[in-house]
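[1] how would this look folded up:
(3 chains)
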Amino acid sequence: MADEQIKKVSIIVSKGSLEGVYPGLIMANGARMEGIEANLFFTFFGLEAIIKKKMNKLKVATVGNPAMHMPSMLGMLPGMSALATSMMKKEMEKIDIPPVDEFVEMIYDAGAKFWACKATVDMFHLTKDDFCEQTEDIINVGTFYELAAGGQIIFT
Amino acid sequence: MADEQIKKVSIIVSKGSLEGVYPGLIMANGARMEGIEANLFFTFFGLEAIIKKKMNKLKVATVGNPAMHMPSMLGMLPGMSALATSMMKKEMEKIDIPPVDEFVEMIYDAGAKFWACKATVDMFHLTKDDFCEQTEDIINVGTFYELAAGGQIIFT
Amino acid sequence: MADEQIKKVSIIVSKGSLEGVYPGLIMANGARMEGIEANLFFTFFGLEAIIKKKMNKLKVATVGNPAMHMPSMLGMLPGMSALATSMMKKEMEKIDIPPVDEFVEMIYDAGAKFWACKATVDMFHLTKDDFCEQTEDIINVGTFYELAAGGQIIFT
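    Next comes the predicted model:
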């Protein structure tokens, strides 16, 4: 059905919630399994997915997402986000999707590259040491466009 | 102005709020009206847009969206999301954008194809019977990339 | 590393929060700095970024974003969104990212084009006069696809 194979995907992860980070990781993993080159570029709150101290503490958003089918009042209760997060993690484990740190390692070992957005790094006063070891480099938008050339850009 | 026509769009719908689902449907509909091939791939909470029992119960998010210009406290009140949803639906009807189920049918009849994300289907313990009849199949990311080859990927 | 240079990006801005609008503006600015043609298409709540009376009143969402690391209860307090917004603006100023109106002017002067989505304009009962002077025109999805041909579509 395809006119031509996809050769490369460059996935931007811009959100820091668990359900905001996983789609990008799953698409990068799927790309590598198909032999497609994959770059992951983390920006704004999405940056937390590759910050050592935060990558395994991402949570599901229980307010502001009507698809949670949870009254806003209830979603606000302390602990509700932790509960939804724990439930989602269990369901993901069942379908063999690992926690963020392990998933990053697995996707990295499969050949994907991880990049941090320079503007966000500066804005949040971070340094290279804050990032997990799979992080290739801190780059600006111009460099991202160079890396993305010849492929698909997917902003998540 | 265009160097070459767009031949195909593959639109990923990942959010389950009304304002999260409509942009993807509108872009798919617009594509078909231009003779552009269109695939819609529903993942994470976006899957609700093609689940029979849920597709017409999607709501506008009244909290977590500062553009609603509604104090968070007010947005939390039971009924506020229903009110905003009803208002948006009325405005959409005025500009001839139908409810989700009718819109899906209309876009399907115009030749677009609807796909459900296998990982999400498994995670939420769904089966093919849960989906509206326009749903072509449940597919994984690899198959999505094959379908998307030769076109634009748009993640919404 | 690139097979071929990116010639054009068409960036859709669909969210109206400050952290929802800036990534699109930053990517458009970065594109122009690399000599890449850039179109910005504003739809749904993202439209506020080019509405004269609203473009400088965009706020950070403090609820519904677990990456804010703020208990939902606290995020709800009147004034919290204003506080987070003020903090983000200060940090952005430090890294030379200007307020939305100045940034729009700067990106426009660098050669990017700004477009408003017709369906949203109709839905919100707006007219051309509501938009900042950099707004080229109000267009529908079909025209957007024509403009976007030969480049990358990035939905933010």
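[2] what about the most centrally placed residue in chain A, distance to chain B?
    When Cα atoms, centre = their mean is applied to chain A, the residue found nearest the centroid is A:Val21 (3.5 Å). Between A:Val21 and chain B the computed distance is 11 Å (Cβ to the nearest Cβ, to the nearest Å). C-betas here are computed from N, CA, C, even on glycine.
[3] Would you map the strands across chain A?
    A:8-13, A:37-42, A:113-117, A:135-139, A:152-155 (DSSP state E).
[4] So what are the sheet partners of the third one and their directions?
    Paired with strand A:113-117 in the same sheet, following DSSP bridges, are strand A:37-42 (parallel), strand A:135-139 (parallel).
[5] roughly how far is the longest one from the heart of the chain?
    It stands for strand A:37-42. 10 Å (Cα atoms, centre = their mean, to the nearest Å).
[6] Verify the stated contact: A:Val121 with A:Leu47.
    Yes: A:Val121 lies in contact with A:Leu47 (Cβ atoms under 8 Å); the separation is 7.3 Å.
[7] Looking at those two, which is more packed in?
    Set A:Val121 next to A:Leu47 and count neighbours by other Cβ atoms under 10 Å in any protein chain shown: A:Leu47 wins out with 26 against 22.
[8] so A:Tyr108 makes contact with A:Phe114?
    Yes: counting by Cβ under 8 Å, A:Phe114 is a contact partner of A:Tyr108 at 6.4 Å.
[9] where do the contact lists of the two overlap?
    A:Gln134 (Cβ atoms under 8 Å, 6 or more residues apart in numbering or on different chains).
[10] which of those two has more neighbours?
    Shown here are A:Tyr108 and A:Phe114; by other Cβ under 10 Å, A:Phe114 has more neighbours (23 against 19).
[11] if we can go back for a sec, and the residue nearest to the centre of chain A, what does it touch?
    By Cβ under 8 Å, 6+ apart, the contact set of A:Val21 is A:13, A:15, A:46, A:48-49, A:58, A:100.
[12] quick one: the helices in chain A?
    In chain A, the helices defined using DSSP state H lie at A:18-33, A:72-76, A:80-94, A:100-109, A:118-123, A:141-148.
[13] count of neighbours near A:Glu48?
    Neighbour count for A:Glu48, taken as other Cβ under 10 Å: 24.
[14] Low-confidence stretches in chain A?
    A:1-3, A:70-74, A:76-78 (pLDDT under 70).
[15] One more pass at 50, please.
    A:1-2 (pLDDT under 50).
[16] So which bits of it are right by chain B?
    Selection of chain A residues close to chain B by Cβ under 8 Å from any Cβ of the partner chain yields A:1-6, A:9, A:19, A:22-23, A:26-27, A:29-31, A:33-34, A:36, A:61, A:63-68, A:71-73, A:76, A:88, A:91-92, A:94-95, A:97, A:152, A:154-156.
[17] Give the ChimeraX command for selecting the buried subset of these.
    Under the burial definition 16 or more other Cβ atoms under 10 Å in any protein chain shown, those of the residues of chain A next to chain B that qualify are selected in ChimeraX by:
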select /A:6,9,19,22,23,26,27,29,30,31,34,36,61,63,64,65,66,67,68,72,76,88,92,97,152,154,155,156
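[18] near chain C too, which of the residues of chain A next to chain B?
    Filtering these for proximity to chain C (criterion: Cβ under 8 Å from any Cβ) leaves A:61, A:63-65, A:76, A:152, A:155.
[19] Most widely separated two among the residues you listed?
    Largest separation among these by Cβ to Cβ: A:Met76 and A:Gln152, giving 38.1 Å.
[20] and A:Ser14, what does it touch?
    Applying Cβ under 8 Å, 6+ apart, the residues contacting A:Ser14 are A:20, A:43-46, A:155-156, C:23, C:156.
[21] Torsion angles phi and psi at it?
    Note on A:Ser14: backbone dihedrals following degrees, to the nearest 10 are phi -110, psi -10.
[22] Tell me the spacing between it and A:Val141.
    13 Å (Cβ to Cβ, to the nearest Å).
[23] Please apply the same query to A:Asp101.
    Taking Cβ to Cβ, one finds A:Asp101 at 27 Å from A:Val141.
[24] same deal with A:Ile11?
    15 Å.
[25] who's more crowded, the two?
    Between A:Ile11 and A:Val141, counted using other Cβ under 10 Å, A:Ile11 has the larger neighbour count: 25 against 21.
[26] My read is that that one contacts A:Phe41, right?
    Yes: at 7.0 Å, A:Ile11 counts as touching A:Phe41 under the criterion of Cβ under 8 Å.
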